[in-house]
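Trainee: sequence and predicted model, in that order:
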Amino acid sequence: MPPKRYPRLRHRDFRGGLVTSDAVVMCFYMQHPNERIAPAVIRTMELFRERIRPYQLAWYSGDGQAESLDDSAWEAIRKETLHPGPDMAAFVQLWEDPGRFAGFHVDYRGLDVVPLPWPDRKDDVSVLYLRLPTEYLEEQGPERVRTLALDLAVELPFNSGYVDFVLCADTGEFHEAIELIRPRYPGVHLASNEAELRMNTWVEGVHWMNFLGQPVLGKLGGVAGLREHLSLPGISLQEMSGDRVLITLGEQPETGDVEAGQTLSLHRALARLLEPHLHHRTRRLGPMRPEDMLRWERRFLD
């Protein structure tokens, strides 16, 4: 099968700066405090850095600005993540190039206490967000991306997670971004350009690769329940240790190109099963109206 080419979905602001771009995102949500998961997260980030070679994460977020990431800087980041201090959250940002909007990027937010005591943050979780440029998917192929994601997921005590071809956007640009993919590309996920914390144990959406853990997997009847409801050709279920599972829809991410006649029947089948557990954004995203956001979130259901 020849390498699949993906659409280049780009939008620039009035100054000419790139503010939305296609990419591939791997994201894992964990309802655990940093102190419990930090060693696993560190191993995952180290594995990611190793496996994307010859590309490299060459920069990190220092004191309010990007600084060069060398071995000594990584060791300092590692120690600070493992032991951030009492009542301190962990925060790590790494880039291939901080000036490249949709290049390689890692964003980890590790909470100090879960659940948090403040009502407005009761849904916050620890999140590991990893982004790869679209070109990497096209060069390496979907099987290599799938293998990388699965190897990373093995290390993490996730409640849920996903891998997908996405349109990354700054929060204030979501309205413009969604117009790039609606109505032609309903399979393209609309993602923030950083980790989304307010996930609780909901499932973020329906994707090419869908990682499910507890409690949602149990509510669906475990792997046996999934097999009963997801018997369509093209849907694969892979059991993982720790009562977790990977649901993969097809051999590669699909954009759902309406003009090419793609119907995304696998996405719709999974959406119907997951509907009671899907996350809905409650915060306004720039000028986007809540009803527009809800309509987009329900595109596989309505």
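Mentor: That came in fine, so what should we check first? Residues are numbered from 1 along each chain as shown.
Trainee: which residues in the stretch 151-300 of the chain form helices?
Mentor: 174-181, 216-219, 222-229, 265-274, 290-297 (DSSP state H, counting those that start in this stretch).
Trainee: please identify the buried residues of the fourth one?
Mentor: Buried positions in helix 265-274, judged by neighbour count with 16 or more other Cβ atoms under 10 Å: Leu266, His267, Ala269, Leu270, Ala271, Leu274. Bear in mind the C-beta positions are built from the backbone N, C-alpha and C, glycine included.
Trainee: who does that helix touch, helix- and strand-wise?
Mentor: The helices and strands touching helix 265-274, judged by 3 or more Cβ pairs under 8 Å, 6 or more residues apart in numbering; DSSP states H and E, are helix 222-229, strand 235-240, strand 244-249.
Trainee: sheet-wise, list the partners of the second one with their directions.
Mentor: Pointing back at strand 235-240 there. Strand partners for strand 235-240, identified by DSSP bridges, are recorded as strand 244-249 (antiparallel).
Trainee: got the angle for the strand it pairs with vs helix 222-229?
Mentor: Angular relation of strand 244-249 and helix 222-229 on a 0 to 180 degree scale: 20 degrees, by axes from the mean of the first three to the mean of the last three Cα atoms, to 10 degrees.
Trainee: now strand 244-249: mean pLDDT?
Mentor: Over the span of strand 244-249, the pLDDT mean works out to 98.
Trainee: dump that strand to PDB, restricted to CA.
Mentor: This file holds the C-alpha atoms of strand 244-249, laid out as PDB (Å, rounded to 0.1, in the frame of the first residue of the first chain):
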ATOM      1  CA  ARG A 244      -7.000  -1.800  29.700                       C
ATOM      2  CA  VAL A 245      -7.600  -2.100  26.000                       C
ATOM      3  CA  LEU A 246      -6.700  -0.500  22.700                       C
ATOM      4  CA  ILE A 247      -9.500  -0.100  20.100                       C
ATOM      5  CA  THR A 248      -8.100   0.600  16.600                       C
ATOM      6  CA  LEU A 249     -10.400   1.800  13.800                       C
END
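Trainee: ok, residues contacting it?
Mentor: Strand 244-249 is contacted by residues 146, 150, 153, 158, 206-214, 217, 223, 226, 230, 234-240, 266-267, 270 when judged by Cβ atoms under 8 Å, 6 or more residues apart in numbering.
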